[in-house]
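> Sequence first, then the predicted structure:
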Amino acid sequence: MTMLMKSKRGRRRYIAFATEPSTYEEMLQSLGSALKGAGIGSFKIIQYDGEKGIVRVRREDQKAAVEALGLPTEGLRIRTLAASGTLRTLRERFFQPK
């Protein structure tokens, strides 16, 4: 299997978000409906601990994704914490053990 170069694969952006305490399924349903409502069909949940998570989107979709997560939707209230080009940055800021 060969690796694709970033220029062909497309760059990715990571968005950290917070929710009220919930299950993975509840979060996935609320997040999915918010992003799909904004026309974003390609996203991946990278990490979720019950209250905070990280979702990956294409770079072109970042602005629309942040706006969509800020809008009130049915289900959970999702609040955007930060966006970054690297997963490491968000993990260091929001998921460090205390």
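Yep, that arrived.
> Pairing partners for Gln47 in the sheet, please.
Counting by DSSP bridges, Gln47 forms beta bridges with Ile54.
> so who does it touch?
When contacts are counted by CB atoms under 8 Å, 6 or more residues apart in numbering, Gln47 touches 53-54, 91, 95. Bear in mind the C-beta positions are built from the backbone N, C-alpha and C, glycine included.
> Please pick the buried ones from those residues.
Buried positions within the contacts of Gln47, assessed by neighbour count (16 or more other CB atoms under 10 Å), are 53-54, 91.
> ranges for the strands of this protein?
Counting by DSSP state E, the chain forms strands over residues 12-19, 43-48, 52-58, 78-84, given from the N-terminal end onward.
> want to throw the ones you listed into CSV with mean pLDDT and distance to Ala65?
Written out in CSV, the entries for the strands of the chain read as follows (pLDDT from 0 to 100; distance: least, CB to CB, whole Å):
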stretch, mean pLDDT, distance to Ala65
strand 12-19, 94, 6
strand 43-48, 94, 7
strand 52-58, 95, 5
strand 78-84, 93, 8
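> hmm, back to that, what is the most widely separated pair among the contacts of Gln47?
Among the contacts of Gln47, the pair separated by the greatest distance (CB to CB) is Gly53 and Arg91, at 11.3 Å.
> The chain: helices as residue ranges?
Under the criterion DSSP state H, helices of the chain are mapped to 6-9, 24-37, 62-70, 87-94.
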